[in-house]
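# Sequence unavailable; structure follows:
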């Protein structure tokens, strides 16, 4: 009987802390694996850009006309990149 409260605490920790964190990590991994040329993303540093090239560990990000930066895939935020179709980059005329 004295183990029942301990088991209850472990179950609560699992469902409220561990499980949501692993689910979010899995979603972030799937997002980064699905990145493709032409996607508009936001880095964790707040830089908006359009993907020009995708490699295994990094992406080449066009942030302005003629300005490309290399960013690791882990530097792209899945939370911030959702719905970036109306970003300022989309309003710039393409050359």
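On my side now, so go ahead. Source: prediction; values computed, not measured. Residues are numbered from 1 along each chain as shown.

# Tell me the spacing between residue 52 and residue 14.
When CB to CB, to the nearest Å is the yardstick, residue 52 and residue 14 sit 42 Å from each other. The C-beta positions use only the backbone N, C-alpha and C, and glycine is treated the same way.

# Quick check: what element follows the helix or strand containing residue 9 along the chain?
Using DSSP states H and E, residue 9 falls within helix 4-13. Next helix or strand after helix 4-13 toward the C-terminus (DSSP H and E): helix 19-33.

# For that following helix, which outside residues touch it?
73, 74, 76, 78, 81 (CB atoms under 8 Å, 6 or more residues apart in numbering).

# buried set for it?
Buried residues in helix 19-33, counted by 16 or more other CB atoms under 10 Å: 31, 32.

# Between helix 4-13 and that helix, find me the angle.
Helix 19-33 and helix 4-13 meet at an angle of 20 degrees, taking axes from the mean of the first three to the mean of the last three CA atoms, to 10 degrees as the criterion.

# Average pLDDT for helix 19-33, rounded please.
The pLDDT scores in helix 19-33 average 91.

# what packs against the very next helix or strand once past it?
For helix 19-33, the following helix or strand on the C-terminal side (DSSP H and E) is strand 40-42. Helices and strands touching strand 40-42, by 3 or more CB pairs under 8 Å, 6 or more residues apart in numbering; DSSP states H and E, are strand 48-54, helix 78-81.

# Kindly indicate which of the contacts of helix 19-33 lies nearest residue 9.
The closest of those to residue 9 turns out to be residue 78 (CB to CB; 31.1 Å).

# Tell me where the model's unsure across the protein.
The chain contains residues with pLDDT under 70 at 83-95.

# Could you break it into its assigned domains?
The record's domain parsing of the chain by automatic domain parsing lists 1-34, 36-95.

# for the first one, the distance to its chain's centre please.
The reference is to domain 1-34. Centroid separation between domain 1-34 and its chain, computed with CA atoms, centre = their mean, to the nearest Å, is 20 Å.

# isn't residue 51 right up against residue 68?
No - using CB atoms under 8 Å, residue 51 is not in contact with residue 68; the gap is 10.1 Å.
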